[in-house]
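>>> no sequence on hand, only this structure:
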Ligand SMILES: Nc1ncnc2c1ncn2[C@@H]1O[C@H](COP(=O)(O)OP(=O)(O)OP(=O)(O)O)[C@@H](O)[C@H]1O
Ligand SMILES: [Mg+2]
């Protein structure tokens with residue numbers, strides 16, 4: 001059963017200083033997120049991961065495509081219905097310093113979503129705050145302290161507690177540990193795993209760190225320039241990556257790269273601009289295997305298994 005499904009999702013922005021130019025931040029993204037599991041979105045900076053997340057949480061109105069949540073298309077919800085949907089979908093951000101209001105205490109921060117949705121009496125909400133603090137490993141005695149009095153890891157726990165306040169079904173984690181010390185990263189990742197188990201949460205996990213994705217995600221989509229180029233189970237993706245871009249990403253990580261044949265090449269060249277993407281397969285400008293067809297024709301989807309798909313001419317018959 002899938003909790004979230006995007007079909008040909010597009011989010012285009014007009015360029016700030018030249019409105020005629022369109023930035024195709026997300027350009028036809030389809031993926032399916034099974035309930036109660038962690039789905040990873042990976043790819044280089046600027047490939048459209050956060051924009052995809054913001055569309056799912058409906059901070060952005062999609063330019064095109066569907067976003068199915070629990071079987072209902074939420075891509076164009078408005079007003080009351082949108083507010084109700086947002087209750088089910090919460091986000092944890094990369095930077096726990098920037099995403100917490102410095103003038104709000106821990107208690108006020110975690111209670112904020114409950115106030116917006118009027119989930120109970122003041123006393124009930126305070127009780128829930130304590131419950132959430134306990135759940136996320138925060139000492140209740142610190143409820144009246146301010147964010148700057150905490151370490152990065154503790155602040156991320158506050159962000160997680162706030163995200164859980166309304167009992168969401170889906171939590172979007174946008175680089176949740178990238179800003180933290182390595183020693184703290186695994187504590188937060190393990191906390192997220194425990195919470196998922198306990199609360200039956202579904203995660204959309206965004207990261208450019210493939211080791212972290214390997215640790216956290218059951219299924220993964222690899223994005224390049226606003227599109228998904230390969231999608232697979234963790235096992236398939238890490239043991240048998242089919243798209244040259246995925247192979248290049250993996251070969252750049254020693255601990256994962258050694259499982260590959262050694263023929264894969266590291267990524268060279270810059271990421272092209274989503275305002276002016278290459279023709280044909282958008283990866284052709286950096287692909288070691290690119291041929292004429294790749295420069296002119298967009299590759300279709302190749303199904304490699306029930307759970308594994310990729311978009312590459314080399315895989316087509
Ligand atoms: N509001 C916006 N207006 C115009 N362009 C945008 C907007 N938001 C994102 N973009 C552009 O869309 C592209 C995708 O951005 P996005 O933030 O989704 O990438 P990302 O994969 O999350 O990158 P990172 O790993 O750096 O967080 C980038 O080229 C970015 O400059
Ligand atoms: Mg981002």
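Thanks, I have it. Predicted model, so just to flag it, every value in this text is computed and none were measured. Ligands and ions are numbered 1, 2, ... in the order given.
>>> so what's the residue lying farthest from the centre of the chain scoring on pLDDT?
Using C-alpha atoms, centre = their mean, the residue of the chain lying farthest from its centre is residue 123. It sits 34.5 Å away. At residue 123, the model reports a pLDDT of 97.
>>> which other residues reach the one helix or strand it maps to?
Element membership for residue 123, per DSSP states H and E: helix 122-135. Residues outside helix 122-135 that contact it (C-beta atoms under 8 Å, 6 or more residues apart in numbering) are 106-107, 110-111, 114-115, 119-120, 139-140, 142-143, 161, 164-165, 195, 198. The C-beta positions use only the backbone N, C-alpha and C, and glycine is treated the same way.
>>> so of the residues you listed, which ones are in helices?
Using DSSP state H, the members of the contacts of helix 122-135 that fall in helices are 106, 107, 110, 111, 114, 115, 161, 164, 195, 198.
>>> put the buried members of these into a PyMOL selection.
Command for PyMOL that selects the buried part of those, burial taken from 16 or more other C-beta atoms under 10 Å:
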select buried, resi 106+107+110+111+114+161+164+195
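>>> out of the ones in helices among the contacts of helix 122-135, what pair is the most spread apart?
By the measure C-beta to C-beta, 115 and 198 form the most distant pair in these, at 24.7 Å.
>>> in the helix holding residue 123, which residues are buried?
Of all the residues in helix 122-135, those buried under the rule 16+ other C-beta under 10 Å are 125, 126, 128, 129, 132, 133, 135.
>>> with distance to residue 43 as extra columns, can I get these in TSV?
As requested, the buried residues of helix 122-135 are exported to TSV (distance: C-beta to C-beta, whole Å):
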residue	distance to residue 43
125	39
126	41
128	36
129	36
132	32
133	34
135	32
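>>> mind putting these into JSON lines with distance to ligand 1?
What follows is these, written out as JSON lines (distance: C-beta to the nearest ligand atom, whole Å):
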{"residue": "125", "distance to ligand 1": "33"}
{"residue": "126", "distance to ligand 1": "35"}
{"residue": "128", "distance to ligand 1": "32"}
{"residue": "129", "distance to ligand 1": "30"}
{"residue": "132", "distance to ligand 1": "27"}
{"residue": "133", "distance to ligand 1": "29"}
{"residue": "135", "distance to ligand 1": "28"}
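>>> for the stretch 1-150 of the chain, which residues are neighbours of ligand 1?
Applying C-beta under 6 Å from any ligand atom, we find that the stretch 1-150 of the chain lies next to ligand 1 at 13, 23, 25, 43, 45, 46, 47, 48, 49, 50, 51.
>>> show me where the stretch 1-150 of the chain has its helices.
For the stretch 1-150 of the chain, helices defined by DSSP state H, counting those that start in this stretch occupy the ranges 49-56, 79-88, 106-116, 122-135.
>>> give the contact list for the residue positioned nearest the centre of the chain.
Nearest to the mean C-alpha position of the chain, by C-alpha atoms, centre = their mean, lies residue 206 at 3.0 Å. Each residue near residue 206 by C-beta under 8 Å, 6+ apart is listed here: 40, 41, 42, 49, 50, 53, 172, 173, 174, 175.
>>> can you put those in JSON lines and add neighbour count?
Formatted as JSON lines, those follow (neighbours: other C-beta atoms under 10 Å):
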{"residue": "40", "neighbour count": "27"}
{"residue": "41", "neighbour count": "29"}
{"residue": "42", "neighbour count": "25"}
{"residue": "49", "neighbour count": "25"}
{"residue": "50", "neighbour count": "21"}
{"residue": "53", "neighbour count": "21"}
{"residue": "172", "neighbour count": "25"}
{"residue": "173", "neighbour count": "27"}
{"residue": "174", "neighbour count": "22"}
{"residue": "175", "neighbour count": "19"}
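>>> between the residues you listed, which sits nearest residue 156?
residue 173 (10.0 Å).
>>> you'd agree that closest one is in a helix?
No - counting by DSSP: H, G, I helix; E, B strand; the rest coil, one finds residue 173 to be strand, located in no helix.
>>> gap between it and ligand 1?
13 Å (C-beta to the nearest ligand atom, to the nearest Å).
>>> quick check: which ranges of the stretch 151-300 of the chain have low pLDDT?
Scanning the stretch 151-300 of the chain for pLDDT under 70 picks out the ranges 254-266.
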